[in-house]
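Peer 1: after the sequence you'll find the predicted model.
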Amino acid sequence: MTAPISTRAALTDANGAAHHVSHVPHSRTASQEAFEAAQRVLVGGVNSPARAFRGVGGTPVFIDRASGSRTYDIDGNDYIDYVLSWGPMILGHADPEVIEAVQAAVARGTSYGAPTLAETELAELVVEMVPGAEVLRLVSSGTEATMSALRLARAATGRDKILKFAGCYHGHADMLLAQAGSGVATFGLPDSPGVPAGTIADTLVAPYNDLAAVEAAFAAHGPDMAAVIVEPVAANMGLVLPVDGFLEGLRRLCDEHGTMLIFDEVLTGFRVAPGGAAAHYGITPDIVTLGKVIGGGLPLAAYAARREVMETVSPLGPMYQGGTLSGNPIATAAGIATLRKLRRPGLFDGIVERTVTLVEGIAAAAARHDIPVQTAHLGTLGGIFFAGGPVHDFATAKASDTDRYARVFHGLLLRGVAIAPSQFEAMFLSAAHSDADIADTLAAFDAVFADLSTAPDHHGYDRP
Ligand SMILES: *Cc1c(COP(=O)(O)O)cnc(C)c1O
């Protein structure tokens with residue numbers, strides 16, 4: 001069990017900081033009690049490990065409700081939210097148009113297990129927006145989408161081996177739970193007990209942004225290589241952009257070897273650009289996976305490819321994949337409302353502008369206080385590493401100062417700003433984040449950085 005945030009820290013903070021955020025949270029007692037109760041009946045008190053604050057210490061904040069750019073916890077504190085349910089809420093929380101669509105859908109029944117008009121409408125929107133998506137299959141989670149995409153690549157090529165990149169997350173399917181070390185491509189080792197070595201034996205792992213390692217893997221295994229799966233913009237080891245030529249190189253190598261290039265755009269889809277990273281970089285994958293934003297905050301994801309590849313999938317082809325709740329009417333309603341609004345002129349660009357202001361402002365604040373940071377932004381995603389040198393792969397990402405991240409995280413939380421409880425996550429922005437939110441957030445960063453440089457150990461909580 002980790003130590004709670006002490007009252008002393010909150011008071012010190014309240015007395016010491018000049019800030020413009022609505023108010024300083026004074027207590028999270030209700031969250032602490034809720035976490036105790038949750039731990040008795042839910043493993044670790046959470047239903048997804050990233051929520052457990054293990055990366056930063058302390059007790060998870062229990063959320064009561066959310067609206068616009070804010071979440072409200074069960075103690076009555078509110079936070080400008082840059083987690084946004086880990087990406088989906090690109091319009092902000094409880095967007096009125098999404099809520100209305102969901103309410104209308106729910107009143108007509110929650111699931112039928114039969115086709116609906118909404119599934120076609122959502123698929124048409126995606127086909128218009130996302131390069132490489134000609135025909136889709138809707139599923140319920142990103143994990144399902146990537147797992148199915150790999151099955152499809154293997155079924156379509158008749159090959160077994162896949163290549164992934166260290167630090168890229170593709171959900172928790174067995175054969176993707178491998179990241180291995182740096183250096184040349186190596187056979188993956190399972191990251192998790194319960195994943196048989198045999199399951200992972202056909203998974204190769206290369207460092208992100210290392211085309212030479214990919215070339216070496218193809219030289220050794222080209223004829224057996226079913227797929228290369230990549231986050232075209234890596235956003236699950238912190239935000240790491242592809243270096244010039246990396247994605248082009250993957251496209252070329254896959255073409256040369258008859259290998260399927262899978263862009264896992266579960267996170268980057270509709271966020272890096274309305275058409276995702278494929279649209280931004282002008283590189284079309286063979287198979288694309290989508291999740292998060294596509295469901296507007298409800299469980300929905302998809303995999304897609306050109307028609308002839310998708311015809312491998314049942315009922316047209318031999319590859320089986322199905323789902324009781326796939327294409328769920330409430331989730332599709334939320335997805336349609338979200339994508340429609342996202343395409344409204346100026347809306348996406350507005351989020352991008354505020355992302356730039358935020359990330360450049362954080363970098364400037366860090367410079368003022370002599371704190372070494374590496375920042376990045378692309379589309380509606382921002383990233384900050386507390387590292388002295390450039391971050392281009394998992395090894396360099398892991399060299400960042402996670403203790404400093406934890407201190408900044410808790411300092412911000414006390415000032416009403418919520419970033420992800422881990423150094424290795426991106427910052428997400430939404431259409432609901434206003435210029436005032438950005439200004440308040442930058443003021444909070446400035447105050448936290450000032451504290452760091454004057455009293456680095458005076459933050460009132462203990463690392464686990
Ligand atoms: C979140 C994520 C997944 C997994 O999606 P779930 O809906 O959590 O199963 C897969 N790939 C990427 C790139 C993701 O960010």
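Peer 2: Everything's here; your move.

Peer 1: got the contact list for residue 67?
Peer 2: Applying CB atoms under 8 Å, 6 or more residues apart in numbering, one finds that residue 67 lies in contact with 92-94. For the C-beta atoms, the positions are set from N, CA and C on the backbone; glycine is no exception.

Peer 1: that one belongs to a strand?
Peer 2: Yes - residue state for residue 67 (DSSP: H, G, I helix; E, B strand; the rest coil) corresponds to a strand.

Peer 1: look up how far residue 419 lies from it.
Peer 2: For residue 67, the distance to residue 419 equals 19 Å [CB to CB, to the nearest Å].

Peer 1: next: residue 291.
Peer 2: As for residue 291, its distance to residue 419 is 21 Å (criterion: CB to CB).

Peer 1: check residue 262 too.
Peer 2: Using CB to CB, residue 262 is found at 29 Å from residue 419.

Peer 1: now residue 259
Peer 2: Going from residue 259 to residue 419 by CB to CB gives 37 Å.

Peer 1: what's the answer for residue 150, then?
Peer 2: Relative to residue 419, and taking CB to CB, residue 150 is found at 32 Å.

Peer 1: residue 124 too?
Peer 2: To residue 419, residue 124 is 36 Å away according to CB to CB.

Peer 1: more neighbours: the two, which one.
Peer 2: More neighbours surround residue 419 than the other of residue 124 and residue 419, with 25 against 12 (other CB atoms under 10 Å).

Peer 1: can you report how many residues lie near the closest residue in space to the more buried one that isn't next to it in sequence?
Peer 2: Closest residue in space to residue 419, ignoring its immediate chain neighbours: residue 82 at 4.9 Å, by CB to CB, 6 or more residues apart in numbering. Look at residue 82: counted by other CB under 10 Å, it has 22 neighbours.

Peer 1: so who does residue 82 touch?
Peer 2: 382, 417-420, 427-429, 441.

Peer 1: who wins for most neighbours among the residues you listed?
Peer 2: Tallying neighbours with other CB under 10 Å puts residue 429 at the head of the contacts of residue 82, with 31 neighbours.

Peer 1: wait, what's in contact with that one?
Peer 2: By CB under 8 Å, 6+ apart, the contact list for residue 429 reads 82, 84, 351, 354-355, 358, 380-382.

Peer 1: nearest to residue 223 among these?
Peer 2: Ranked by distance to residue 223 (CB to CB), the contacts of residue 429 are led by residue 381 at 36.5 Å.

Peer 1: these two touch, right, the closest one and residue 233?
Peer 2: Yes - Residue 381 lies in contact with residue 233 (CB atoms under 8 Å); the separation is 7.3 Å.

Peer 1: so what sits against both of those two?
Peer 2: The contact sets of residue 381 and residue 233 overlap at 239, 268, 272 (CB under 8 Å, 6+ apart).

Peer 1: closest to the ligand among those residues?
Peer 2: Distance to the ligand across these (CB to the nearest ligand atom) is lowest for residue 268, with 7.2 Å.

Peer 1: let's verify that closest one: helix, strand, or coil?
Peer 2: Here residue 268 is recorded as coil under three-state DSSP.

Peer 1: next one: the one 10 residues further on
Peer 2: Following three-state DSSP, we place residue 278 in the helix state.

Peer 1: so what's the residue in the chain that the ligand sits nearest to up against?
Peer 2: Residue nearest to the ligand within the chain: residue 142 (2.0 Å; CB to the nearest ligand atom). By CB under 8 Å, 6+ apart, the residues touching residue 142 are 170-171, 264, 266-267, 289, 291-292, 301.

Peer 1: weed out the non-buried ones from those.
Peer 2: The neighbour count (16 or more other CB atoms under 10 Å) marks 170-171, 264, 266-267, 289, 291-292, 301 as buried among the contacts of residue 142.

Peer 1: mind checking which of the contacts of residue 142 are in strands?
Peer 2: 264, 289, 301 (DSSP state E).

Peer 1: am I right that residue 452 sits in a strand?
Peer 2: No - with three-state DSSP as the criterion, residue 452 is assigned helix and is not in a strand.

Peer 1: let me know the pLDDT of the residue nearest to residue 232 when sequence neighbours are not counted.
Peer 2: In space, and not counting its chain neighbours, residue 232 is closest to residue 277: 3.6 Å by CB to CB, 6+ apart. If you check residue 277, the pLDDT there is 98.

Peer 1: what parts of the stretch 1-150 of the chain come near the ligand?
Peer 2: Neighbours of the ligand within the stretch 1-150 of the chain, by CB under 6 Å from any ligand atom: 141-143, 146.

Peer 1: quick one: which of those has the most company?
Peer 2: Neighbour max across those (other CB under 10 Å) = residue 142, 30 neighbours.

Peer 1: quick check: it vs residue 267, distance?
Peer 2: Separation of residue 142 from residue 267 (CB to CB) stands at 8 Å.

Peer 1: list residues touching both of the two?
Peer 2: Residues touching both residue 142 and residue 267 (CB under 8 Å, 6+ apart) are 291-292.

Peer 1: so residue 416 touches residue 81, yeah?
Peer 2: No - counting by CB under 8 Å, residue 416 does not reach residue 81; the two are 10.0 Å apart.

Peer 1: and these two? which has more neighbours close in?
Peer 2: Just comparing residue 416 and residue 81: by other CB under 10 Å the higher neighbour count belongs to residue 81, 27 against 21.
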